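Asker: Here is a sequence with its predicted model. Questions after.
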Amino acid sequence: MTQVLVVNSGSSSIKYRLLDLPSGHAVAKGAVERIGESEGLLTHRGPAGEVERREPVADHAAGMRAMLAAFAEAGPDLAAVHLAAVGHRVVHGGERFTAPTLVTDEVCEVIASLSDLAPLHNPANLKGIQVAREVFPDVPHVAVFDTAFHATLPPHAHTYAVPREWRAEYGVRRYGFHGTSHAYVSRMSARLLDCGPADVNVIVLHLGNGASVSAVRGGVCVETSMGLTPLEGLVMGTRSGDVDPGVIFHLRRAAGLTVDDLDDALNRRSGLLGLSGVNDMRELIKLIDNGDEDARLALDVYCHRVRKYVGAYMAVLGHTDAVVFTAGVGENNARVREHALTGLGDLGVRLDHDRNERGGPVISAPGSPVTVLVVPTDEELEIATQALALVS
Ligand SMILES: Nc1ncnc2c1ncn2[C@@H]1O[C@H](COP(=O)(O)OP(=O)(O)O)[C@@H](O)[C@H]1O
Ligand SMILES: CC(=O)OP(=O)(O)O
Ligand SMILES: [Mg+2]
């Protein structure tokens with residue numbers, strides 16, 4: 001029996017899972033959320049039961065200790081488990097990392113050097129790695145990068161039309177993120193279509209807290225909506241997605257905002273939150289149902305952006321077999337799916353209302369030239385699989 005621990009250390013949470021491979025069975029799983037807030041929340045499910053604890057979790061190191069305490073309480077005893085690897089989600093791998101990588105001190109230094117490009121993510125990822133390496137010094141640690149699946153973007157898709165020295169000296173190019181999810185979901189979609197990955201072209205809509213879309217031709221990613229950082233593209237929970245960079249110059253000059261103010265505003269106070277006051281899609285829907293006009297506009301902007309990208313990526317692919325929804329919003333919110341794909345009938349994308357309400361996997365109408373799917377993502381399983389493949 002081979003077991004892999006996966007740590008997905010995010011900006012304010014640590015999600016983790018202990019997996020049996022190749023079955024994919026979760027022996028234990030849990031999350032430490034609201035790290036750094038006045039009350040943190042730990043939930044854990046193991047063979048000896050469930051743990052739920054509400055107490056402050058000061059930082060990610062404390063979060064990792066809370067995770068270990070939960071294993072001690074509800075099992076399994078990690079000291080008695082033979083871990084084949086610990087797999088870590090790392091968001092930005094830059095140009096250096098395009099495949100799963102064995103973690104060393106030098107690898108950690110490069111991940112740290114990329115923090116400016118993923119300030120919400122890389123520092124947290126690194127903290128998870130540091131603590132886990134201390135606790136499991138004899139187990140191989142593997143970093144699995146969000147950017148890796150997008151390393152195949154052709155130059156015309158990853159190049160920004162900006163001065164040569166920015167590109168040559170500062171690594172200014174498009175990278176793309178959520179690659180682990182796009183890789184897993186595109187592969188699962190091919191399976192649902194009864195094809196091999198090489199035989200289908202799919203558009204994957206990862207709509208979670210962060211959100212991105214990718215165009216995958218024959219298993220190879222050829223376009224994606226996030227860029228140098230996870231800020232470009234779709235409207236997200238707290239991130240603006242695409243805006244004219246002129247907005248930044250205007251606010252710099254007219255309102256005197258600093259670069260840090262602008263970074264904070266576009267990453268943490270924009271998106272659904274900036275439009276409606278809430279960043280969680282469930283809360284947004286409640287506001288809309290209570291007649292809140294700002295919330296309705298927020299949903300319209302969100303869905304309009306998704307629709308624009310679907311149309312654009314159909315043009316990029318030339319032929320599209322499936323449009324696939326995944327992640328928290330994509331998997332659970334029928335209203336967003338329907339709203340986003342409305343009006344695409346002439347492009348061959350025809351949703352079936354009842355199938356969509358039931359949740360899939362197939363939610364397009366019979367005979368729709370493009371199949372529409374709902375496919376749950378599983379970043380932890382994909383990270384575990386890739387980590388194990390590297391070490392064995
Ligand atoms: N049942 C649901 N109905 C509607 N939205 C949901 C549901 N479950 C989760 N979501 C939405 O999914 C989003 C979080 O997605 P998730 O993929 O978990 O994000 P992340 O991994 O980035 O934290 C939130 O906006 C949340 O409201
Ligand atoms: C890269 C990214 O946006 O990740 P998340 O959705 O977890 O914030
Ligand atoms: Mg996510």
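Answerer: Looks like it came in fine. Ligands and ions are numbered 1, 2, ... in the order given.

Asker: Could you measure from the one residue in the chain that gets nearest to ligand 1 over to G210?
Answerer: Evaluated by CB to the nearest ligand atom, the chain has G328 as its residue closest to ligand 1, separated by 2.1 Å. C-betas here are computed from N, CA, C, even on glycine. Separation of G328 from G210 (CB to CB, to the nearest Å) stands at 10 Å.

Asker: Where does I111 fall, secondary structure wise?
Answerer: Of the helices and strands defined by DSSP states H and E, I111 is found in helix 105-113.

Asker: What is the helix or strand following that helix packed up against?
Answerer: Tracing the chain past helix 105-113, the next element assigned as helix or strand by DSSP H and E is helix 122-135. The helices and strands touching helix 122-135, judged by 3 or more CB pairs under 8 Å, 6 or more residues apart in numbering; DSSP states H and E, are strand 2-9, helix 60-74, strand 83-90, helix 105-113, strand 141-145.

Asker: As TSV, the ones you listed with distance to G36 would be great.
Answerer: What follows is the helices and strands packed on helix 122-135, written out as TSV (distance: least, CB to CB, whole Å):
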stretch	distance to G36
strand 2-9	13
helix 60-74	9
strand 83-90	19
helix 105-113	19
strand 141-145	23
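
Asker: thinking again about what came up before, can you pick out the residue with more neighbours from G328 and G210?
Answerer: Between G328 and G210, G210 has the larger neighbour count (other CB atoms under 10 Å), namely 26 against 17.

Asker: per-residue pLDDT, the more buried one?
Answerer: For G210, the pLDDT comes out at 93.

Asker: Got phi/psi on the spatially most central residue of the chain?
Answerer: The structure's the chain has its C-alpha centroid closest to H178; by CA atoms, centre = their mean the separation is 3.9 Å. In terms of degrees, to the nearest 10, the main-chain angles of H178 are phi 60, psi 20.

Asker: Contact partners for it?
Answerer: Listed by CB atoms under 8 Å, 6 or more residues apart in numbering, the contact set of H178 reads D146, H206, G208, G210, S212, S214, M226, A327.

Asker: Count the neighbours of R65 for me.
Answerer: Counted with other CB under 10 Å, the neighbours of R65 add up to 14.

Asker: I meant L120, not that one.
Answerer: Under the criterion other CB under 10 Å, the count of neighbours that L120 has is 19.

Asker: what sits against it?
Answerer: S11, P230, N267, R268 are the contacts of L120 under CB under 8 Å, 6+ apart.

Asker: thinking again about what came up before, ok, the residue lying closest to the residue of the chain closest to ligand 1 once chain neighbours are set aside to E379 distance?
Answerer: Taking CB to CB, 6 or more residues apart in numbering, and ignoring the residues beside it in sequence, G328 has G208 as its nearest neighbour in space, at 4.6 Å. The gap separating G208 from E379 is 10 Å, by CB to CB.

Asker: sorry, back to before: what helix or strand does the residue of the chain closest to ligand 1 sit in?
Answerer: Counting by DSSP H and E, the element that carries G328 is helix 327-332.

Asker: what helices or strands is that helix leaning on?
Answerer: The contact analysis (3+ CB pairs under 8 Å, 6+ apart) places helix 327-332 against strand 201-207, helix 334-341.

Asker: okay, the angle between the first one and helix 334-341?
Answerer: Angle, strand 201-207 to helix 334-341, by axes from the mean of the first three to the mean of the last three CA atoms, to 10 degrees: 130 degrees.

Asker: Just give me how far the following helix or strand past strand 201-207 sits from the chain centre.
Answerer: Following the chain from strand 201-207 toward its C-terminal end, the next helix or strand by DSSP H and E is strand 211-217. Averaging C-alpha positions (CA atoms, centre = their mean, to the nearest Å) puts strand 211-217 12 Å from its chain's average.

Asker: Tell me if strand 211-217 is near ligand 2.
Answerer: No - residues of strand 211-217 are not located near ligand 2 by CB under 6 Å from any ligand atom, the shortest gap being 6.9 Å.

Asker: can you pull the contacts of L297?
Answerer: L275, S276.

Asker: And it, how far from P163?
Answerer: Computed with CB to CB, the distance linking L297 and P163 is 37 Å.

Asker: picking that back up, of G208 and E379, which one has the most company?
Answerer: E379 (24 against 19).

Asker: Determine the number of other residues adjacent to the nearest residue to that one once chain neighbours are set aside.
Answerer: On the basis of CB to CB, 6+ apart, the spatially nearest residue to E379 that is not a chain neighbour turns out to be T180, at 4.8 Å. Look at T180: counted by other CB under 10 Å, it has 29 neighbours.

Asker: Check E95 too.
Answerer: In terms of burial, E95 registers 11 neighbours under the definition other CB under 10 Å.

Asker: My guess is it contacts R174. True?
Answerer: No - at 11.6 Å, E95 does not count as touching R174 under the criterion of CB atoms under 8 Å.

Asker: Which residues are in contact with the residue of the chain closest to ligand 1?
Answerer: When the contact criterion is CB under 8 Å, 6+ apart, the partners of G328 are L207, G208, N209, M281.

Asker: pLDDT at H150, what is it?
Answerer: In the prediction, the pLDDT value recorded for H150 is 98.

Asker: wait, is it part of a helix?
Answerer: Yes - the assignment for H150, made by DSSP: H, G, I helix; E, B strand; the rest coil, places it in a helix.
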